[in-house]
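[1] just a sequence and a predicted model for now, questions to come.
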Amino acid sequence: NLLFRKSAALHRSIPQEQTLHKNGHIPGEHVSGNKNLILVGHLRRTDCSLVSDGAAAVVLASSDTARSMKQAVRFRSAVQVNDYLPMSKRDIIAFEGPRLASQKTLTQSDISLSDLSFVETHDCFTTAELIEYEGMGLTPPGRDAQAIEEGWTEMDGRLPVNPSDGLKAKGHPSAQPVYPCTPYAPCNFWLQHGGGQVPGAELAGLFNMGGAAVANFASILECLR
């Protein structure tokens, strides 16, 4: 989705075969070495977001105040679930925290995942977004790649993910990455995003996973006007 918005920090198209090859050339004169090297485990440079400066603002108001404004959204639900920090205390591939956060926010909103118009999620690394697909119930465990392969998360897919381009495109402002996701959702509702839009969007899911799936935040935004 990053190609929809020219202001993205990484506004460039990188063919998949280049992202998979250790010596794949990364377009851009400012990319040191221009090589897609492995950084840790299976993560290459193109799997990681930029650590960036950033700022975002969210104005909270009462329901009456919000309804009197020209444009407004409301939190239909907001949930936080923390899992154990030590990996030894939990099943490291179960991702219970993300799953519970997603289930609870959908239950509180009295909707199902298929009712969402789009999702803004925390894609600091390629693996993080795939884990969140499982957590939110988009794919069965171990089948997260299917959503990518079959185009489920594209702008015209069954559940568009990150119309805002995501952290890998716009950069990762450490310590406050959840907040950039929040303003982008209303901007999509009002067609002010300046890039890819989901026409007729009414409900947005926000999902943020911190650490090794330890701190998990999920919420549903609804467009009031």
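    That came through, no problem.

[2] make it CA atoms for all contacts and neighbour counts henceforth
    Noted.

[3] for this protein, which spans come out with low pLDDT?
    Along the chain, segments meeting pLDDT under 70 span 1-34, 54, 173-196.

[4] what packs against the longest helix anywhere in it?
    For the chain, the helix with the greatest residue count under DSSP state H is helix 96-109. Helix 96-109 is packed against strand 73-82, helix 126-135, strand 215-223, with contacts defined by 3 or more Cα pairs under 8 Å, 6 or more residues apart in numbering; DSSP states H and E.

[5] how many neighbouring residues does the closest residue to Trp152 other than its chain neighbours have?
    Spatial nearest neighbour of Trp152, chain neighbours left out: Arg158 (5.0 Å); criterion: Cα to Cα, 6 or more residues apart in numbering. Counted with other Cα atoms under 10 Å, the neighbours of Arg158 add up to 17.

[6] can we start the residue count at 38 from this point?
    Noted, 38 is the first residue going forward, which turns the last one into Arg195.

[7] how far away is Arg195 from Gly78?
    Between Arg195 and Gly78 the distance, using Cα to Cα, to the nearest Å, works out to 31 Å.

[8] re earlier: possible to save the helices and strands packed on helix 133-146 as TSV with mean neighbour count and distance to Asp202?
    Below are the helices and strands packed on helix 133-146 laid out as TSV (neighbours: other Cα atoms under 10 Å; distance: least, Cα to Cα, whole Å):
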stretch	mean neighbour count	distance to Asp202
strand 110-119	18	21
helix 163-172	21	13
strand 252-260	22	18
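
[9] TSV for the ones you listed, including distance to Ser99?
    Converted to TSV, these look like this (distance: least, Cα to Cα, whole Å):
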stretch	distance to Ser99
strand 110-119	10
helix 163-172	31
strand 252-260	15
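
[10] for the ones you listed, which one sits closest to Lys72?
    Distances from Lys72 to each of the helices and strands packed on helix 133-146 were compared by Cα to Cα, and the smallest falls on helix 163-172, at 17.6 Å.

[11] what does that closest one contact?
    With Cα atoms under 8 Å, 6 or more residues apart in numbering as the test, helix 163-172 has contacts from 80, 84-85, 132-137, 139, 158-160, 176-182, 244, 246.

[12] which of the residues you listed are buried?
    Applying 16 or more other Cα atoms under 10 Å to these, the neighbour count classes 80, 84-85, 132-137, 139, 158-160, 176, 181, 244, 246 as buried.
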